[in-house]
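After the sequence you'll find the predicted model.
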Amino acid sequence: MIVSWRRKAEELSMSELSFKQYSDIHAFYNDVYDVLMLHEAQNLIPLGNIIIGNEGKDKTEWRDPTKWLMAVVSCATGIRLTALMTPPHNITLYATNNIIDPEAIACLVQGLGDWQVPGVTSEKSLAECFAREYTRYKGLSFETTMKQRIYELTAVTPLCRISPTVPLSACGVVCDNTAPPAFWECRPEASTDSQQNKDMVTVRLLSEGDMHFFPYWVEAFYAAAEGADKTQMSIPQSAERYRYLLSEDKAYVLEYNGMPVCMASHSRAMQTAIGISYVYTPPYERKKGYATALVAHISQLALDKGYTKCVLYTDLENAVSNSIYQKIGYVCVCDSLQVRFVGVNEQW
(Lines give C-alpha, C1' and ligand atoms only; values in the text may rest on other atoms or scores of the structure.)
Protein backbone atom coordinates (compact mmCIF):
# COMPACT_ATOMS: atom_id res chain seq x y z
CA MET A 1 0.00 0.00 0.00
CA ILE A 2 1.45 3.36 -1.08
CA VAL A 3 0.05 6.71 0.08
CA SER A 4 1.71 9.96 -0.98
CA TRP A 5 1.90 13.18 1.03
CA ARG A 6 3.28 16.35 -0.58
CA ARG A 7 5.03 18.88 1.62
CA LYS A 8 3.92 22.43 2.12
CA ALA A 9 4.79 24.99 -0.56
CA GLU A 10 7.72 26.43 1.36
CA GLU A 11 9.30 22.97 1.51
CA LEU A 12 8.92 21.93 -2.11
CA SER A 13 12.69 21.74 -2.44
CA MET A 14 12.33 18.41 -0.65
CA SER A 15 11.01 15.39 -2.49
CA GLU A 16 7.53 13.97 -2.17
CA LEU A 17 6.98 11.79 0.86
CA SER A 18 5.51 8.31 0.46
CA PHE A 19 4.06 5.86 2.96
CA LYS A 20 4.74 2.16 2.44
CA GLN A 21 3.22 -0.66 4.46
CA TYR A 22 4.82 -4.11 4.34
CA SER A 23 3.29 -7.55 4.52
CA ASP A 24 6.62 -9.37 4.16
CA ILE A 25 8.89 -9.26 7.22
CA HIS A 26 11.95 -10.12 5.14
CA ALA A 27 11.44 -7.16 2.82
CA PHE A 28 10.87 -4.88 5.81
CA TYR A 29 13.97 -6.23 7.55
CA ASN A 30 16.10 -5.67 4.45
CA ASP A 31 14.88 -2.09 4.07
CA VAL A 32 15.07 -0.87 7.66
CA TYR A 33 17.78 -2.89 9.43
CA ASP A 34 20.69 -0.62 8.49
CA VAL A 35 18.59 2.45 9.22
CA LEU A 36 17.73 1.27 12.74
CA MET A 37 21.36 0.32 13.33
CA LEU A 38 22.30 4.00 13.09
CA HIS A 39 21.21 4.14 16.75
CA GLU A 40 21.40 0.51 17.84
CA ALA A 41 20.92 1.01 21.58
CA GLN A 42 18.03 3.43 21.13
CA ASN A 43 16.33 0.97 18.77
CA LEU A 44 16.67 -2.08 21.02
CA ILE A 45 12.97 -2.92 20.80
CA PRO A 46 12.31 -2.62 17.04
CA LEU A 47 15.67 -4.13 16.10
CA GLY A 48 15.18 -7.09 18.42
CA ASN A 49 11.67 -7.62 17.07
CA ILE A 50 12.56 -7.56 13.38
CA ILE A 51 15.40 -9.99 14.05
CA ILE A 52 12.91 -12.36 15.71
CA GLY A 53 10.51 -11.95 12.81
CA ASN A 54 13.14 -12.37 10.11
CA GLU A 55 14.50 -15.54 11.70
CA GLY A 56 10.97 -16.94 11.91
CA LYS A 57 11.83 -19.49 14.56
CA ASP A 58 9.48 -18.15 17.22
CA LYS A 59 5.90 -17.19 16.42
CA THR A 60 4.46 -17.51 19.90
CA GLU A 61 2.14 -14.84 21.31
CA TRP A 62 2.91 -11.46 19.66
CA ARG A 63 5.89 -12.74 17.64
CA ASP A 64 4.02 -13.73 14.44
CA PRO A 65 5.02 -11.07 11.87
CA THR A 66 1.92 -11.71 9.74
CA LYS A 67 0.03 -9.78 12.45
CA TRP A 68 2.46 -6.87 12.65
CA LEU A 69 2.20 -3.35 11.34
CA MET A 70 5.40 -2.58 9.43
CA ALA A 71 5.72 0.72 7.62
CA VAL A 72 8.10 3.45 6.49
CA VAL A 73 7.80 7.02 5.27
CA SER A 74 10.38 7.81 2.61
CA CYS A 75 11.52 10.52 0.22
CA ALA A 76 14.00 10.50 -2.66
CA THR A 77 16.93 10.50 -0.24
CA GLY A 78 15.73 7.47 1.71
CA ILE A 79 13.69 6.41 4.73
CA ARG A 80 12.71 9.28 7.01
CA LEU A 81 10.52 7.43 9.53
CA THR A 82 10.25 3.75 10.50
CA ALA A 83 7.24 2.30 12.31
CA LEU A 84 6.73 -1.16 13.82
CA MET A 85 3.84 -2.41 15.94
CA THR A 86 3.54 -5.93 17.34
CA PRO A 87 -0.05 -6.10 18.66
CA PRO A 88 -1.09 -5.75 21.40
CA HIS A 89 1.96 -3.60 22.14
CA ASN A 90 2.50 0.06 21.38
CA ILE A 91 3.82 1.26 18.05
CA THR A 92 7.58 1.95 18.06
CA LEU A 93 9.09 4.66 15.89
CA TYR A 94 12.49 5.85 14.70
CA ALA A 95 13.17 9.11 12.87
CA THR A 96 16.30 8.52 10.80
CA ASN A 97 19.30 10.16 12.46
CA ASN A 98 16.83 11.43 15.08
CA ILE A 99 15.73 14.20 12.72
CA ILE A 100 12.03 14.61 13.44
CA ASP A 101 9.97 15.68 10.42
CA PRO A 102 6.39 16.68 11.31
CA GLU A 103 5.30 16.15 7.70
CA ALA A 104 6.65 12.58 7.76
CA ILE A 105 4.69 11.97 10.96
CA ALA A 106 1.52 13.35 9.36
CA CYS A 107 2.10 11.10 6.36
CA LEU A 108 2.47 8.08 8.66
CA VAL A 109 -0.67 8.91 10.63
CA GLN A 110 -2.76 9.18 7.46
CA GLY A 111 -1.25 6.01 6.05
CA LEU A 112 -2.11 3.95 9.13
CA GLY A 113 -5.75 3.99 8.08
CA ASP A 114 -7.91 1.69 10.21
CA TRP A 115 -5.09 0.25 12.32
CA GLN A 116 -5.93 0.50 16.03
CA VAL A 117 -2.83 1.94 17.70
CA PRO A 118 -3.02 1.65 21.52
CA GLY A 119 -0.10 3.98 22.15
CA VAL A 120 3.50 4.76 21.28
CA THR A 121 6.85 3.88 22.83
CA SER A 122 9.69 5.91 21.39
CA GLU A 123 12.36 8.52 21.95
CA LYS A 124 10.74 11.30 23.98
CA SER A 125 10.44 14.11 21.40
CA LEU A 126 9.31 11.76 18.64
CA ALA A 127 6.74 10.08 20.89
CA GLU A 128 5.29 13.45 21.86
CA CYS A 129 5.12 14.65 18.26
CA PHE A 130 3.46 11.45 17.04
CA ALA A 131 1.01 11.39 19.96
CA ARG A 132 -0.12 14.94 19.26
CA GLU A 133 -0.63 14.32 15.54
CA TYR A 134 -2.27 10.90 15.89
CA THR A 135 -4.75 11.97 18.56
CA ARG A 136 -5.57 15.18 16.67
CA TYR A 137 -6.25 13.20 13.51
CA LYS A 138 -8.27 10.49 15.30
CA GLY A 139 -10.10 12.73 17.75
CA LEU A 140 -8.54 11.06 20.79
CA SER A 141 -6.51 12.16 23.78
CA PHE A 142 -3.31 10.73 25.22
CA GLU A 143 -1.50 10.32 28.50
CA THR A 144 2.06 9.45 29.41
CA THR A 145 2.14 6.17 31.30
CA MET A 146 5.89 6.07 31.91
CA LYS A 147 8.91 8.32 31.45
CA GLN A 148 11.88 6.14 30.63
CA ARG A 149 15.60 6.42 30.11
CA ILE A 150 17.62 4.19 27.80
CA TYR A 151 21.11 3.30 29.00
CA GLU A 152 24.03 1.49 27.42
CA LEU A 153 27.14 -0.04 28.94
CA THR A 154 30.45 -0.87 27.27
CA ALA A 155 32.47 -1.74 30.39
CA VAL A 156 31.44 -2.81 33.88
CA THR A 157 32.74 -0.62 36.68
CA PRO A 158 35.42 -2.78 38.37
CA LEU A 159 34.05 -2.27 41.88
CA CYS A 160 30.72 -3.73 40.78
CA ARG A 161 32.09 -6.94 39.31
CA ILE A 162 31.77 -10.24 41.08
CA SER A 163 35.41 -11.27 41.25
CA PRO A 164 37.93 -13.00 43.53
CA THR A 165 39.11 -9.65 44.91
CA VAL A 166 36.09 -7.34 45.00
CA PRO A 167 33.50 -7.64 47.80
CA LEU A 168 29.86 -7.99 46.87
CA SER A 169 28.12 -4.94 48.33
CA ALA A 170 25.10 -7.00 49.33
CA CYS A 171 26.79 -9.06 51.99
CA GLY A 172 30.53 -8.35 52.01
CA VAL A 173 31.44 -11.48 50.10
CA VAL A 174 33.96 -12.28 47.39
CA CYS A 175 33.49 -14.72 44.56
CA ASP A 176 35.27 -17.66 43.06
CA ASN A 177 34.89 -17.06 39.34
CA THR A 178 36.84 -20.13 38.37
CA ALA A 179 33.48 -21.90 38.17
CA PRO A 180 31.49 -21.87 34.91
CA PRO A 181 30.14 -18.34 34.18
CA ALA A 182 26.53 -19.43 34.64
CA PHE A 183 27.24 -20.68 38.16
CA TRP A 184 29.43 -18.59 40.45
CA GLU A 185 29.63 -18.93 44.21
CA CYS A 186 30.73 -16.26 46.68
CA ARG A 187 31.76 -16.53 50.31
CA PRO A 188 33.13 -14.12 52.93
CA GLU A 189 36.73 -13.15 52.26
CA ALA A 190 37.68 -14.02 55.80
CA SER A 191 35.59 -16.75 57.42
CA THR A 192 35.87 -19.38 60.09
CA ASP A 193 34.93 -23.01 59.60
CA SER A 194 31.62 -22.35 61.31
CA GLN A 195 30.86 -19.66 58.73
CA GLN A 196 31.66 -21.76 55.69
CA ASN A 197 28.04 -22.75 55.19
CA LYS A 198 26.79 -19.21 55.70
CA ASP A 199 26.79 -16.03 53.64
CA MET A 200 27.11 -17.76 50.28
CA VAL A 201 25.93 -16.02 47.11
CA THR A 202 25.28 -18.01 43.95
CA VAL A 203 24.51 -16.73 40.46
CA ARG A 204 23.04 -19.33 38.13
CA LEU A 205 20.68 -19.77 35.21
CA LEU A 206 17.02 -20.14 36.09
CA SER A 207 15.61 -23.56 35.24
CA GLU A 208 12.49 -25.71 35.33
CA GLY A 209 13.14 -26.26 39.02
CA ASP A 210 12.37 -22.57 39.63
CA MET A 211 8.82 -22.71 38.30
CA HIS A 212 7.46 -22.51 41.85
CA PHE A 213 8.41 -18.81 42.02
CA PHE A 214 9.59 -17.63 38.57
CA PRO A 215 6.11 -16.99 37.05
CA TYR A 216 5.14 -14.86 40.04
CA TRP A 217 8.33 -12.82 39.82
CA VAL A 218 7.72 -12.22 36.10
CA GLU A 219 4.22 -10.92 36.78
CA ALA A 220 5.52 -8.81 39.67
CA PHE A 221 8.12 -7.36 37.29
CA TYR A 222 5.39 -6.46 34.79
CA ALA A 223 3.34 -4.84 37.55
CA ALA A 224 6.31 -2.85 38.80
CA ALA A 225 7.05 -1.75 35.22
CA GLU A 226 3.67 -0.02 35.15
CA GLY A 227 4.63 2.21 38.06
CA ALA A 228 6.83 2.26 41.13
CA ASP A 229 3.79 2.18 43.42
CA LYS A 230 2.02 -0.64 41.58
CA THR A 231 1.08 -3.37 44.04
CA GLN A 232 -1.44 -5.44 42.06
CA MET A 233 -0.24 -8.17 39.70
CA SER A 234 -1.73 -10.88 37.53
CA ILE A 235 -1.80 -14.41 38.92
CA PRO A 236 -0.12 -16.85 36.48
CA GLN A 237 -2.72 -19.16 34.94
CA SER A 238 -0.68 -21.17 32.45
CA ALA A 239 2.89 -22.40 32.75
CA GLU A 240 3.61 -22.45 29.02
CA ARG A 241 4.82 -18.88 28.50
CA TYR A 242 7.05 -19.00 31.58
CA ARG A 243 8.59 -22.30 30.55
CA TYR A 244 9.27 -20.70 27.19
CA LEU A 245 11.18 -17.87 28.88
CA LEU A 246 13.21 -20.41 30.84
CA SER A 247 13.94 -22.47 27.72
CA GLU A 248 15.89 -19.59 26.18
CA ASP A 249 18.59 -19.91 28.90
CA LYS A 250 18.84 -16.15 29.29
CA ALA A 251 17.40 -15.60 32.77
CA TYR A 252 19.61 -15.63 35.88
CA VAL A 253 18.90 -15.71 39.59
CA LEU A 254 21.08 -14.56 42.46
CA GLU A 255 20.72 -16.71 45.57
CA TYR A 256 21.78 -15.76 49.06
CA ASN A 257 22.34 -18.78 51.30
CA GLY A 258 20.28 -20.88 48.88
CA MET A 259 17.36 -18.45 48.80
CA PRO A 260 16.48 -16.72 45.48
CA VAL A 261 16.62 -12.96 46.09
CA CYS A 262 16.96 -11.32 42.67
CA MET A 263 16.60 -12.12 38.98
CA ALA A 264 17.71 -10.49 35.70
CA SER A 265 17.85 -11.64 32.11
CA HIS A 266 19.49 -11.07 28.78
CA SER A 267 16.81 -10.16 26.24
CA ARG A 268 16.91 -9.02 22.62
CA ALA A 269 20.24 -9.91 21.00
CA MET A 270 21.37 -7.66 18.18
CA GLN A 271 24.48 -7.32 16.03
CA THR A 272 26.74 -5.80 18.67
CA ALA A 273 24.36 -5.15 21.57
CA ILE A 274 22.14 -7.18 23.86
CA GLY A 275 19.32 -6.09 26.14
CA ILE A 276 19.08 -6.52 29.90
CA SER A 277 15.56 -7.00 31.24
CA TYR A 278 13.40 -8.71 33.88
CA VAL A 279 15.44 -7.09 36.64
CA TYR A 280 13.39 -7.84 39.74
CA THR A 281 14.00 -8.05 43.46
CA PRO A 282 11.13 -8.77 45.89
CA PRO A 283 10.40 -5.70 48.02
CA TYR A 284 11.57 -7.40 51.22
CA GLU A 285 15.00 -8.13 49.68
CA ARG A 286 15.71 -4.67 48.27
CA LYS A 287 18.40 -2.18 49.30
CA LYS A 288 20.90 -4.98 49.89
CA GLY A 289 22.89 -4.64 46.65
CA TYR A 290 21.57 -7.79 45.00
CA ALA A 291 20.35 -6.11 41.78
CA THR A 292 23.60 -4.17 41.44
CA ALA A 293 25.65 -7.35 41.71
CA LEU A 294 23.47 -9.44 39.41
CA VAL A 295 23.07 -6.85 36.64
CA ALA A 296 26.82 -6.15 36.75
CA HIS A 297 27.48 -9.88 36.53
CA ILE A 298 25.25 -10.69 33.55
CA SER A 299 26.37 -7.50 31.81
CA GLN A 300 29.96 -8.72 32.08
CA LEU A 301 28.88 -12.16 30.84
CA ALA A 302 27.44 -10.52 27.72
CA LEU A 303 30.62 -8.54 27.09
CA ASP A 304 32.67 -11.71 27.57
CA LYS A 305 30.54 -13.38 24.87
CA GLY A 306 31.55 -10.70 22.38
CA TYR A 307 28.79 -8.11 22.60
CA THR A 308 30.21 -4.59 22.66
CA LYS A 309 27.37 -3.07 24.68
CA CYS A 310 24.45 -3.90 26.95
CA VAL A 311 21.23 -1.88 26.79
CA LEU A 312 18.43 -1.43 29.29
CA TYR A 313 15.37 0.71 29.95
CA THR A 314 14.57 2.28 33.31
CA ASP A 315 11.65 4.12 34.82
CA LEU A 316 13.01 7.66 34.91
CA GLU A 317 11.12 8.38 38.13
CA ASN A 318 12.76 5.46 39.93
CA ALA A 319 15.82 7.20 41.32
CA VAL A 320 17.14 4.02 42.95
CA SER A 321 17.32 1.93 39.78
CA ASN A 322 18.82 4.80 37.77
CA SER A 323 21.51 5.25 40.41
CA ILE A 324 22.25 1.52 40.46
CA TYR A 325 22.76 1.27 36.72
CA GLN A 326 24.97 4.34 36.57
CA LYS A 327 27.08 2.88 39.37
CA ILE A 328 27.58 -0.26 37.30
CA GLY A 329 28.73 1.75 34.28
CA TYR A 330 25.58 2.41 32.27
CA VAL A 331 25.39 5.82 30.56
CA CYS A 332 22.33 7.62 29.21
CA VAL A 333 21.55 7.23 25.50
CA CYS A 334 18.26 9.13 25.42
CA ASP A 335 14.94 9.53 27.18
CA SER A 336 11.90 7.62 26.00
CA LEU A 337 8.17 7.76 26.64
CA GLN A 338 5.40 5.21 26.90
CA VAL A 339 2.19 6.94 25.82
CA ARG A 340 -1.34 5.55 25.89
CA PHE A 341 -4.07 6.77 23.55
CA VAL A 342 -7.31 7.34 25.42
CA GLY A 343 -10.48 6.31 23.61
CA VAL A 344 -9.00 3.64 21.33
CA ASN A 345 -11.28 0.62 20.91
CA GLU A 346 -9.34 -2.42 22.01
CA GLN A 347 -9.34 -4.99 19.21
CA TRP A 348 -6.84 -7.49 20.62
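Thanks, I have it. Residues are numbered from 1 along each chain as shown.

Domains in the chain, by residue range?
2-148+338-342, 156-328 (automatic domain parsing).

how far does stretch 95-110 stretch from start to finish?
Chord length of stretch 95-110, first to last residue, is 17 Å (C-alpha to C-alpha, to the nearest Å).

So for that stretch, mean pLDDT?
Mean pLDDT, stretch 95-110: 97.

residues of it that come out buried?
By neighbour count on 16 or more other C-beta atoms under 10 Å, the buried set for stretch 95-110 is 95-96, 100-101, 103-109. Glycine gets a C-beta too; all of them are placed from N, C-alpha and C.

Likewise for stretch 126-136?
Residues 126-131, 133-135 are the ones in stretch 126-136 that count as buried (16+ other C-beta under 10 Å).

of all those, which two lie farthest apart?
Distance extremes for the buried residues of stretch 126-136: the farthest pair is Leu126 and Thr135 at 14.8 Å, using C-beta to C-beta.

And the domains of the chain, which one averages the lowest pLDDT?
Minimum mean pLDDT among the domains of the chain: domain 156-328, a mean of 80.

Return the distance of that one from the chain's centre.
16 Å (C-alpha atoms, centre = their mean, to the nearest Å).

Could you tell me the end-to-end distance of that domain?
End to end - C-alpha to C-alpha - domain 156-328 spans 6 Å.

just stretch 212-232 next, same as before
19 Å.

what's in contact with it?
Contacts to stretch 212-232, defined as C-beta atoms under 8 Å, 6 or more residues apart in numbering, come from residues 145-146, 206, 233-236, 239, 242, 245-246, 251, 260, 263, 278-280, 282, 315, 317-318.

hmm, which of those are the buried ones?
If you count burial by 16+ other C-beta under 10 Å, the buried members of the contacts of stretch 212-232 come out as 146, 206, 233, 242, 245-246, 251, 260, 263, 278-280, 315, 318.

What about these, which are in helices?
Assignment to helices by DSSP state H places the following of the buried ones among the contacts of stretch 212-232 there: 242, 245-246.

Take those and lay them out in a markdown table including distance to Glu219.
Converted to a markdown table, those look like this (distance: C-beta to C-beta, whole Å):
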| residue | distance to Glu219 |
| --- | --- |
| Tyr242 | 9 |
| Leu245 | 12 |
| Leu246 | 15 |
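
which one of those sits closest to Val311?
Nearest to Val311 among those: Leu245, at 18.8 Å, using C-beta to C-beta.
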